[in-house]
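Engineer: with the input below, show me the fold.
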Amino acid sequence: MSSRIYATQGFKNLNCYVLGGHSESIIGCFFEKDSLNAYTIGKNGRLNVWESDTELKNLIPKTHDLVETIGPDSDELSVNKTGELEDEVEKNGINDKMEDEDQGENKVQYKKKSKFGIRDALEANVPVALLSCDFHKGNRILVSGFSNGSFLLHELPSFNLIHSLNISQHPVTSCLFNKTGDWIALACQGLGQLLVWEWQSETYVLKQQGHFNNMSQLAYSPSGMYIASGGEDGKVKIWNTLNGQCFVTFNEHNAPITGIQFKSNGQVVCSASLDGTVRAFDLNRYRNFRTFTTPQPVQFSCLSIDSSGELIAAGGFDVFEIFVWSMQIGHLLQTLCGHEGPVSGIAFSPAVHPILASTSWDKTCRTWDVFEGKGSREMYMLSSDALTVCFKPDGKHVAVSTLDAQIITININEVDQQAIVNTIECKHDLGYSRKDTDKVTAKKMHFGKSFKSLCYTIDGEYIIAGGKSKYICIYNVKEEMLVRRFEISQNKSFDGIDEFLDRRKMTEWGNLDLVEKNPDNELDNNKISLPGVVKGDYSSRVFKPEIQVSCVRFSPTARSWSACTTEGMLTYSLDTSLIFDPFDLDMDITPRTIKSTLDNQDYSLALMQALRLNEDALITQVLEKTPHMTIDIVIDSLSDVYVDKLLAFVANQIEKSAHLEFYLIWSQTVLYKHGNRIKQRAATRLSILCNLEKALTKKSEDLGKICDSNMYSIDYVLSLNKLKNKRKLENGSQNGYNSDQDEEMQSESDKEDNIDSLKTTKNKKLIN
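Structural biologist: Numbers count the residues shown, from 1 in each chain. Next up is the predicted model:
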């Protein structure tokens, strides 16, 4: 309820000053620009303005005279030096006390200049609390966020109200000015919403909202440009991987999302939910165009779409069956029975005639021939309950994760135990962790951990796994060994982070977190969790979530992967721009050799040498010094190995280089000259082609926006010109009509003058 002002360095007239005057906790306190005047804001909306009697330039720094403690020829203090040091310290202490007494009357003093009620401008029927505030010193503007979703802008120190706006019904938990003071960032914790507001023009700069509950599923689009995420709030969101922003949200589901996948053309995304529906969303018109249901209500636990996009399958959690629908007509085609437990995972093989593989808690993995309608093909017995399944890109093997922390690879063309190709033991790779309320050690607890999400790389050599652990592991399938392990979080606010409990909470009666205290105490939120509850005790108002990974997926470009965790969606990207990775390097290939070859105008040899050295700067220099007339000749002389590396490099340059047309010529010529051979090995080079498609799509969208903006601007200018010419013609015709009338009136007046002159002359003659 009080604020303290401390000096970061020693001053004689300022050490510590206490500012009171608040009846509730302090939300914010700020200094004015280049001044000691301060503002303090309390939770009840009370603003106190404090005025200082001292300016910054009048602060007096403390000075301490250095005492000679070490002799010139010795590293130790002599007896005489020690006595002189004590006398000097006593003198300095006395002098400091005298200086403090002399400066006692000149100490920095504060007085309350004025006080205001910030929430008085809300005119709310119920009292609201001030939750956040920020002050921009340059503009002297204070922004304050309240528990009813309102935020106010005041000009200080006069306390003039600038804006009184409302962004939602949820509390504004954080607000912040940018450096210039033009934009204000507002955050709502309950909705997971972020809003950037330009207060001068009263417009939105950015408005983003994530899942206000945990994310459960994610899927990459075939081009790798978009990510679809499903959350426990029942929403499906589509994110752009380049800027990390969500551009569309579907909220037709009424229960948590349990499966999500893109169609092979990338224009449709399908999702399964516990509400008993599977929905298909059109990404062109942003609408739910198909809803798949069953005759009896079923809770779906997993989802898969075949490579042609004609069939969609979902596994049941409570009926132990698999349902297959037609994507075109939306009718239920088959119901596959055979599992004796909940279906934990299904996947279609990427072959021409796909095979459906499914796993269940009944310790089996089954394969189904869906197109021929023959039902189950083979059944493979496993050592423990199966949690998930995924196909290798060649369509011949499946990987199954089991409850005893094993990853089993099965050849679907074999039978019985001969089908098991290899087994990866993952117990020790999951790591040790212990929750606050666990009664056993971390070593005993790790036996219940396992991976519940698997995904192969595009070449099928590696597999990534995530589950009930704070680690995500990448394994080499052939060698059955761990390649890399990533720690996703070190946030101590999550359960399952620490391996050992805090000894300060351990008493002779046990762990303090296991003690249920007086429930009447509002500060007591520690409840004993119910047995078997993973995500926290739902009967408790506040619980500590456990860190875990619900889904991991590799990008089709093979340059990144993403994971849904308790902390949100994490994306790890591979940036090779600063990595020296030579290919087929010889002693003769050096940067000097490449530059001399380039000076001799041997562009083909220089390009091959630069690709072998694999330095981005050298490859860029060789490409940009090659005349565009000779590009087709250079590409003709390249072998398939160099073509793949060149195409991957050109795809990256299209995305970030300013020479767009030049690199488009390179990519077009490569595809024209080597298109047939690239198509033959497309299965192994799919990541390069996806990366190229992603770069071209991104540039096409950016240029399309610029062209549309320019087209509308040109139309506006042309319409203004036409309107201006039309007005000129109207004004000209009106002026011409007026001039004709003036000439007629002038001629009539001339005629009258002539008649009058004739009359006067006639009268004169008669008089004479």
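Engineer: strands along the stretch 151-300 of the chain, start to end?
Structural biologist: Secondary structure of the stretch 151-300 of the chain, counting by DSSP state E, counting those that start in this stretch: strands at 160-166, 174-177, 183-188, 193-198, 203-209, 215-220, 226-231, 236-240, 246-250, 257-262, 268-273, 278-282, 287-292, 300-305.
Engineer: for residue 20, find the nearest of the ones you listed.
Structural biologist: strand 174-177 (25.3 Å; Cβ to Cβ). To be clear about C-beta, it is placed using only N, CA and C from the backbone, and glycine gets the same treatment.
Engineer: what is the mean pLDDT for the closest one?
Structural biologist: Across strand 174-177, pLDDT averages out at 93.
Engineer: that strand pairs with which strands, and in what direction?
Structural biologist: strand 183-188 (antiparallel) (DSSP bridges).
Engineer: need the residues that contact the strand it pairs with.
Structural biologist: The contact list for strand 183-188, computed with Cβ atoms under 8 Å, 6 or more residues apart in numbering, reads 134, 143, 145, 149, 151, 153, 167-168, 170-178, 193-199, 205.
Engineer: which of those count as buried?
Structural biologist: 134, 143, 145, 149, 151, 153, 167-168, 170-175, 177, 193, 195-197, 199 (16 or more other Cβ atoms under 10 Å).
Engineer: which stretches of the stretch 301-450 of the chain have low pLDDT?
Structural biologist: For the stretch 301-450 of the chain, the stretches with pLDDT under 70 are 373-375, 440-446.
Engineer: again, 80 this time
Structural biologist: 351-353, 371-376, 416-417, 433-448 (pLDDT under 80).
Engineer: which residues of it fall in strands?
Structural biologist: For the stretch 301-450 of the chain, the strands defined by DSSP E, counting those that start in this stretch occupy 311-316, 322-326, 332-336, 343-348, 356-360, 364-369, 375-381, 386-391, 397-402, 406-411, 420-425.
Engineer: export those as a markdown table, with columns for mean neighbour count and distance to residue 438.
Structural biologist: Output for these, formatted as a markdown table (neighbours: other Cβ atoms under 10 Å; distance: least, Cβ to Cβ, whole Å):
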| stretch | mean neighbour count | distance to residue 438 |
| --- | --- | --- |
| strand 311-316 | 25 | 32 |
| strand 322-326 | 22 | 37 |
| strand 332-336 | 15 | 40 |
| strand 343-348 | 25 | 25 |
| strand 356-360 | 27 | 29 |
| strand 364-369 | 21 | 32 |
| strand 375-381 | 16 | 33 |
| strand 386-391 | 24 | 22 |
| strand 397-402 | 26 | 23 |
| strand 406-411 | 20 | 24 |
| strand 420-425 | 16 | 24 |
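Engineer: of all those strands, which one is nearest residue 249?
Structural biologist: Of the strands of the stretch 301-450 of the chain, nearest to residue 249 by Cβ to Cβ is strand 311-316, at 21.7 Å.
Engineer: in its sheet, what does the closest one sit against?
Structural biologist: Strand 311-316 has these strand partners (DSSP bridges): strand 300-305 (antiparallel), strand 322-326 (antiparallel).
Engineer: surely residue 476 and residue 464 touch.
Structural biologist: No: Residue 476 lies out of contact with residue 464 (Cβ atoms under 8 Å); the separation is 11.4 Å.
Engineer: more neighbours: which of those two?
Structural biologist: Legend: neighbour count by other Cβ atoms under 10 Å for residue 476 and residue 464, higher for residue 464 (24 against 14).
Engineer: quick one: that one from residue 192, how far?
Structural biologist: Going from residue 464 to residue 192 by Cβ to Cβ, to the nearest Å gives 26 Å.
Engineer: same thing with residue 621?
Structural biologist: Taking Cβ to Cβ, one finds residue 621 at 46 Å from residue 192.
Engineer: can you add distance to residue 352 and give the strands paired with strand 311-316 back as TSV?
Structural biologist: As requested, the strands paired with strand 311-316 are arranged in TSV below (distance: least, Cβ to Cβ, whole Å):
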stretch	distance to residue 352
strand 300-305	15
strand 322-326	18
